[in-house]
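**Student:** Fold the following, please.
(3 chains)
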Amino acid sequence: MSEENRTPILEVTDLGIDFGGLTAVNNLDLTIYENETVGLIGPNGAGKTTVFNLLTKVYEPTRGEIWLCGENTHKMTTVQVNKAGIARTFQNIRLFMNLSVLDNVKTGMHNEHSYSVADAILRLPKYKKEEAEIDEKARELLKIFGLEDKAEYIAGSLPYGEQRRLEIARALATSPKLLLLDEPAAGMNPQETEELMDMIRKIRDQFHIAILLIEHDMKLVMGICERITVLNYGAMLATGTPEEIQANPQVIKAYLGE
Amino acid sequence: MKEKLAQMFQSKNRSRTLSFGLVIIAYIVLEVLLLTGNLSSLFTSLLVPVCCYIVAAIGLNLNVGISGELNLGQGGFMSVGAFVAVCVSGVLSYSIPSPIIRLIASILCGAIAAGVIGALIGIPVLKLQGDYLAIVTLAFGQIIKSIINNLYIGYDKNGFQMSFVENKLALAEGGKALLSGPMGATGTDRIATFTFGVILVLLSLLIVYNLMYSRNGRAIMAARDNRIAAESVGINVANTKMLAFVTSAMLAGAAGALYALNYATLAPSKFDFNLSILILVYVVLGGLGNMTGTIIATTVLVLLPELLRSLQDYRMLIYAIILIVIMLVTNNEFLKEKFSKLRLGKKGAMK
Amino acid sequence: MEILSYLINGLGLGSVYAIIALGYTMVYGIAKMLNFAHGDIIMVGAYLSFFAMTRFQLPVIVSVALAVLGCTILGVVVERLAYKPLRQATSLSVLITAIGVSYFLQNSAQLLWSSSTKVYPTIISNGAIKIGSLSISYLSILTILVCILVMTCLTLFVNKTKTGQAMRACAEDKGAAQLMGINVNHIISITFAIGSGLAAIAAVLLCAAYPSVSPTLGSMPGIKAFTAAVFGGIGSIPGAFLGGILLGVIETLTKAYISTQLSDAIVFAVLIIVLLIKPAGLLGKKVSEKV
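**Tutor:** Prediction:
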């Protein structure tokens, strides 16, 4: 399939943000197509997480434009961006630690159902019907991530690796078109990372979504990403296929130094 | 039937069953004691107020425990509910003779008024991040006390009369002064009953539990646990916090309304900062998010000063010491560890 | 000219609020807690100085010194017994404990000294300096001078001394301060000591203006000074000073020109408006969460 025929999910042009006098991200161009896995890599402090925060409107961009499925996001809030189709995970895990594993996933479906407060308080049929749907879908998602046995556990009590998986499940529950994963393999051992790679491939195909991921584990990045963008000091250093990136002298210099 | 029963005792529903059961059993026992004349007049006089404090505390627990926002103005919302209810009841006394309908209408109006004011405060404040709600509700409590302290409202055949700061009411014959500034409400019909108080408690439990176990309730708790993550999954944090805050204010308004209709006279100074703090104490001691705990803590702490009455002057001092000691003991790391071991032991035994 | 004399009265009242607010703000800045018992320390300071002057016939300055000493010790003892064990607890637990301490102090005062109001002796003559039609009471001048002195000393202490630097370090990051070898518990004790000592000074100035002493004397000035601290930006020393002064001026002018009964309502309404416009208070720093 040639690039022109594919629909872009995300188009970013000339994106940048300044914090006071410091330019954290500058001149970033990025296009992500349907059902594609793209890697965002770069040395520590390159501004990768800042890009995620810009895409999800946690930060307001200073320059540039973000188009999501043909819609400009410049007036959107974080909540609206999620409704429009971007879901994310966080580098430092942000689960709802006092809620059950199941309820964490259910919060992701908040906007998919429409029963009102009155429906809930009076326990009207609409509440019962939709809650049953929510419950079923949430349990299905947990099954994909191997967490179905832990549905009633409190999220904060899960081991680290499971918390990371739960965070992805919660993000998927919002039915996104684009999933942003911020260092999903951080703190995992090689075997867990291997499993995670399979899982990412599986959810991409099953849910037919695009994935943008930040990762330091090069084996994972090179293994599952179709394209990779490299950031250095907030600016785009290179973009291309894993093979092109691996052979790019500038990238090697940035990673290894002179 | 059996299935239903089993469902009632599932972990998620256990706390709900416990709260409802507790209230109903307490009601039956107290009614029996009342009918057989075994309840002292002091305790009888405390029945309705205890219900009011419980309703206000359940509301506050929704706000502080479930939604995680500190509110130091629950007394202010009670005040709004109380004085609106007094006015409504006073006006309706001409047209509606049935006390129960008047009671329901007054409480409803009190709750709605408190809810509306809660919404007006919440709209700008809940958008801010941080402990602003605490400070703004504290300020609101002071403002509302000060306003009602200066408010004169009367009603006669020509309709309402109102004046501010100075009493300029000129009521026609048969008219009634509903609010008289610092004196507050005078000559209120005492239409509140214990049975209705218990119904109100059950109703507020129903509202809070059903809200908690819904998509809105999950959103409220998600916003409490992690604001940024909640937004990232499409939850409008300000709106969900608003829902909890306004519901809490409405319950306080209903509680204040019931309270006001239990007394012939009521001064605005009754609903001061100390009352807001007192209700917060009930909530924290009962356990954040724990409604059964709230009911027990409120009942015990309202009755405690009365039980300590024989100690006379020392009772409030002892109350203060109990408060401090409970906080120190429940937060003691060593004791906490012992306690959690005990609980684990129990769980193991159940298996 | 009338407005000028009200303004100066307002500065006087504001100076008292500022001194109390400094106690709130310092404790908040370092221990991250709202010390709701701070108002009751003022009350104790008022009683101590009252008894020193009336029962023991001590000179004013000695009485003030005794009150400051007494409150300082009280503040440190309260912190050690009630707040220190709660260092790891939630802020709500600490708040409830502070409320317990407040009840405790009020009720102890009632038992020890009865709930009847006592008339505070005159410590400064009722005279005033007259400049044309403008009259400035000696009390206002004294209060403003004391406030400036306190503020200057405190600023110098926090910025120039080693302990002051340690305090600022603790306010910034307690964990890091501890790693740098600062005894955090010691610093918190000092903070409570200073705050409580200032409360005693405020108590004397407050009673000189409103000469009646009762167990609930500290509640309202306490709440208002807390408001002042939030107003200026809680945790900020210049903020507490500015907030206190502004609050006093607004209150006095409202009483003079709008309504005595509604002055409280208006003061608190102004607070709400300021917070909506500047959420961190006038001089506070906005801290945003790192994602």
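**Student:** can we go C-alpha only for contacts and neighbour counts from here?
**Tutor:** Fine.
**Student:** What number of neighbouring residues does the residue of the stretch 151-258 of chain A found nearest chain C come out with?
**Tutor:** With CA to the nearest CA as the measure, residue A:182 is the residue of the stretch 151-258 of chain A nearest to chain C, at 11.2 Å. When neighbours are counted by other CA atoms under 10 Å in any protein chain shown, residue A:182 registers 22.
**Student:** Kindly report the same for residue B:306.
**Tutor:** Residues contacting residue B:306 under the criterion other CA under 10 Å number 16.
**Student:** In which helix or strand does it reside?
**Tutor:** With the criterion set as DSSP states H and E, the secondary-structure element containing residue B:306 is helix B:291-307.
**Student:** After that helix, which helix or strand is next?
**Tutor:** Heading C-terminal from helix B:291-307, the first helix or strand you meet, by DSSP H and E, is helix B:315-330.
**Student:** Please compute how far that next one lies from its chain's middle.
**Tutor:** 22 Å (CA atoms, centre = their mean, to the nearest Å).
**Student:** Could you do stretch B:43-59 as well?
**Tutor:** If you compare the mean C-alpha spot of stretch B:43-59 with that of the full chain, they lie 8 Å apart, counting by CA atoms, centre = their mean.
**Student:** Pull out the buried residues from it.
**Tutor:** Buried residues in stretch B:43-59, counting neighbours by 16 or more other CA atoms under 10 Å in any protein chain shown, are found at B:46-59.
**Student:** So for it, mean pLDDT?
**Tutor:** Averaged across stretch B:43-59, the pLDDT comes to 96.
**Student:** so, in contact with chain A or not, it?
**Tutor:** No: counting by CA under 8 Å from any CA of the partner chain, chain A has no neighbours in stretch B:43-59; the shortest distance is 14.5 Å.
**Student:** Residues touching that stretch, excluding its own?
**Tutor:** Stretch B:43-59 is contacted by residues B:34, B:74, B:78, B:192-194, B:197-198, B:200-201, B:204-205, B:208, B:247-256, B:258-259, B:262, B:279-280, B:282-283, B:291, B:294-295, B:298-299, B:302 when judged by CA atoms under 8 Å, 6 or more residues apart in numbering or on different chains.
**Student:** Low-confidence bits of the stretch 1-150 of chain B, can you list those?
**Tutor:** When the per-residue scores of the stretch 1-150 of chain B are filtered using pLDDT under 70, the ranges that remain are B:1-12, B:130.
**Student:** Would you mind naming what in it lies close to chain C?
**Tutor:** Taking CA under 8 Å from any CA as the criterion, the neighbours of chain C within the stretch 1-150 of chain B are B:124-125, B:128, B:132, B:135-136, B:139-140, B:142-144, B:146-147, B:150.
**Student:** Can you turn the buried part of the residues you listed into a PyMOL selection?
**Tutor:** The following PyMOL command selects only the buried members of the residues of the stretch 1-150 of chain B next to chain C, with burial defined by 16+ other CA under 10 Å:
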select buried, chain B and resi 125+128+132+135+136+139+140+142+143+144+146+147+150
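**Student:** right, and out of the residues of the stretch 1-150 of chain B next to chain C, which lies closest to chain C?
**Tutor:** Nearest member of those to chain C, counting by CA to the nearest CA, is residue B:143, at 4.2 Å.
**Student:** Quick one: residues contacting the closest residue to chain B within chain C.
**Tutor:** Closest residue of chain C to chain B, CA to the nearest CA: residue C:265 (4.2 Å). Listed by CA under 8 Å, 6+ apart, the contact set of residue C:265 reads B:142, B:143, B:144, B:146, B:147.
**Student:** Let's verify residue 130: helix, strand, or coil?
**Tutor:** Picked chain A for this. Using DSSP: H, G, I helix; E, B strand; the rest coil as the criterion, the local structure at residue A:130 reads helix.
**Student:** The intended chain is chain C.
**Tutor:** Per three-state DSSP, the local secondary structure of residue C:130 is strand.
**Student:** Could you count how many residues lie near the residue nearest to it when sequence neighbours are not counted?
**Tutor:** Spatially, and ignoring its direct neighbours in sequence, residue C:130 is nearest to residue C:136 (6.5 Å; CA to CA, 6 or more residues apart in numbering or on different chains). Neighbourhood size, residue C:136 [other CA under 10 Å]: 18.
**Student:** Neighbouring strands - and their directions - for the helix or strand hosting residue C:136?
**Tutor:** With secondary structure defined by DSSP H and E, residue C:136 is part of strand C:134-137. Each strand pairing with strand C:134-137, determined using DSSP bridges, is listed with its direction: strand C:128-131 (antiparallel).
**Student:** pull the CA atoms of the partner strand into PDB?
**Tutor:** Output of strand C:128-131 as PDB, limited to C-alpha atoms (Å, rounded to 0.1, in the frame of the first residue of the first chain):
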ATOM      1  CA  ALA C 128      -3.700  60.600  69.700                       C
ATOM      2  CA  ILE C 129      -1.400  62.700  67.600                       C
ATOM      3  CA  LYS C 130      -3.300  65.400  65.900                       C
ATOM      4  CA  ILE C 131      -2.200  66.700  62.600                       C
END
